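Asker: need coordinates for the following:
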Amino acid sequence: MRVGVLTGGGDCPGLNAVIRAVTKSLINHGQCEVLGIADGFEGLMGDSPRVKALNWDEVSGILHVGGTILGTSNSANPLRDAATLEQVRRNVKALDLEVAVVIGGDGTMSLAHGLSQIGLQCVGVPKTIDNDIASCERSFGFDTAVATVTESLRRIESTAMSHHRVMIVETMGRHAGWLALESGIAGAADIILLPEIDYDLQTIIKVCQEREKRQRYTIICIGEGAKESGQSLTVRERVESSPDPVRLGGVGHVLRERLQPHLKSEVRTTVLGHVQRGGDPTPFDRVLATQFGHHAARLVLETQFGHMVTLRNGRIGSVAIADVANTQRTVPMDSGLLTMARDIGICLGEA
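Answerer: Now for the predicted structure:
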């Protein structure tokens with residue numbers, strides 16, 4: 001069997017661990033020929049496909065390395081028009097690809113699902129630092145991102161305490177607040193603002209004013225998809241060629257401008273940006289990514305195409321890609337983490 005492997009969407013710690021596990025499992029147990037597809041779906045969209053053979057030595061020594069040896073793209077859309085889709089079909093046929101292991105987030109899974117119309121079977125592996133893929137309680141890369149944001153919050157707290165400032169830290173996460181929530185709790189943030197809960201400005205002002213009298217500093221952790229009640233999302237840019245054209249970002253600066261006139265403390269914003277998704281994966285993510293890669297290879301060898309590896313109730317399994325395409329997993333309002341945060345005095349911006 002000839003199997004393609006590609007990484008789509010943004011880079012994420014643990015991608016190389018998946019590539020390694022998929023390739024070694026397919027070679028060792030299925031005697032498969034594995035082809036790495038360059039730069040996500042972009043590698044299948046040109047006049048000639050961009051691929052390279054993945055052998056045992058090629059994927060050795062990459063378990064702990066961040067990023068992806070295959071390259072990736074978060075703007076390549078093979079479904080954007082009929083001509084592009086036809087070119088992808090020709091390339092798949094020329095490569096004699098029977099199935100592709102597609103490693104990515106909800107957007108990548110949507111594209112993988114759509115490619116079934118040209119006969120390319122897919123097996124999905126969930127990847128995102130946002131932890132927002134439906135039917136998967138933990139995606140690799142998330143633990144590493146939480147650790148990075150948590151350390152950043154701790155470092156910023158030192159400056160906030162020294163200068164008696166209100167320090168706002170903006171995290172990634174798009175429309176899901178998992179990263180801001182878990183990082184905020186681990187990093188001892190005083191206020192955590194999530195996309196799932198529109199925040200009340202007066203509530204935040206009151207908390208900051210009260211802390212000015214006591215601790216004299218405040219740490220606010222805000223997800224990029226959060227917004228003030230009655231206001232719109234803060235959109236940084238639009239990339240129309242992408243399956244998900246809206247790029248969020250800058251809400252931390254918006255909040256700073258809204259807060260500063262009401263406070264004696266200086267208000268500063270730090271947007272962590274891509275530092276959150278870079279670097280080597282944590283041991284937890286290395287193990288989880290390896291498990292996901294191994295299970296993806298098993299799905300291929302058992303011809304369970306059209307399925308995505310998942311983690312549910314602490315067990316590795318699979319779910320139909322069609323069930324997770326175009327779907328996001330957000331923080332539920334009955335989450336125990338939200339209840340705990342409220343009970344220990346963390347402000348969630350609620351009126």
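Asker: so what's the residue nearest to N313 when sequence neighbours are not counted scoring on pLDDT?
Answerer: Spatial nearest neighbour of N313, excluding adjacent residues (CB to CB, 6 or more residues apart in numbering): E137 at 7.6 Å. Just so you know, the C-beta spots here come from the backbone N, C-alpha and C atoms, and that holds for glycine as well. pLDDT recorded at E137 is 94.
Asker: over to T203?
Answerer: pLDDT recorded at T203 is 98.
Asker: any chance you could list what contacts the strand or helix carrying it?
Answerer: Element membership for T203 (DSSP states H and E) is helix 201-213. Where contact means CB atoms under 8 Å, 6 or more residues apart in numbering, the residues beyond helix 201-213 that reach it are 164, 166, 190-191, 193, 217-218, 220, 228-229, 255, 258-259, 262-265, 347, 349-351.
Asker: drop anything exposed from those residues.
Answerer: Buried residues within these, counting neighbours by 16 or more other CB atoms under 10 Å: 166, 190-191, 193, 217-218, 220, 228, 255, 259, 263, 265, 347, 349.
Asker: V34: which of the residues you listed is nearest?
Answerer: Closest approach between those and V34, by CB to CB: L193, at 43.6 Å.
Asker: quick check: the gap between that closest one and E350.
Answerer: With distances taken as CB to CB, to the nearest Å, L193 is found 10 Å from E350.
Asker: ditto for G8
Answerer: From G8 over to E350 the distance is 36 Å, taken as CB to CB.
Asker: what is the neighbour count of E237?
Answerer: Look at E237: counted by other CB atoms under 10 Å, it has 10 neighbours.
Asker: secondary structure class for it?
Answerer: Per DSSP: H, G, I helix; E, B strand; the rest coil, the local secondary structure of E237 is strand.
Asker: show me what it is bridged to.
Answerer: With DSSP bridges applied, E237 shows beta-bridge pairing to R247.
Asker: just the pLDDT for the residue of the chain most remote from its centre.
Answerer: Computed with CA atoms, centre = their mean, the maximum C-alpha offset from the centroid of the chain is found at K213, amounting to 38.2 Å. For K213, the pLDDT comes out at 94.
Asker: also E240?
Answerer: Value for E240, per-residue pLDDT: 66.
Asker: which residues touch the nearest residue to Y199 once chain neighbours are set aside?
Answerer: Take Y199 and drop its neighbours on the chain: the residue closest to it by CB to CB, 6+ apart is G349, 2.9 Å away. Shown in contact with G349 (CB under 8 Å, 6+ apart): 191-193, 197-200, 203-204, 226.
Asker: repeat for G223
Answerer: Applying CB under 8 Å, 6+ apart to G223 gives the contacts 170-173, 176-177, 179-181, 193-195, 251.
Asker: having no further points to raise, I will conclude here.
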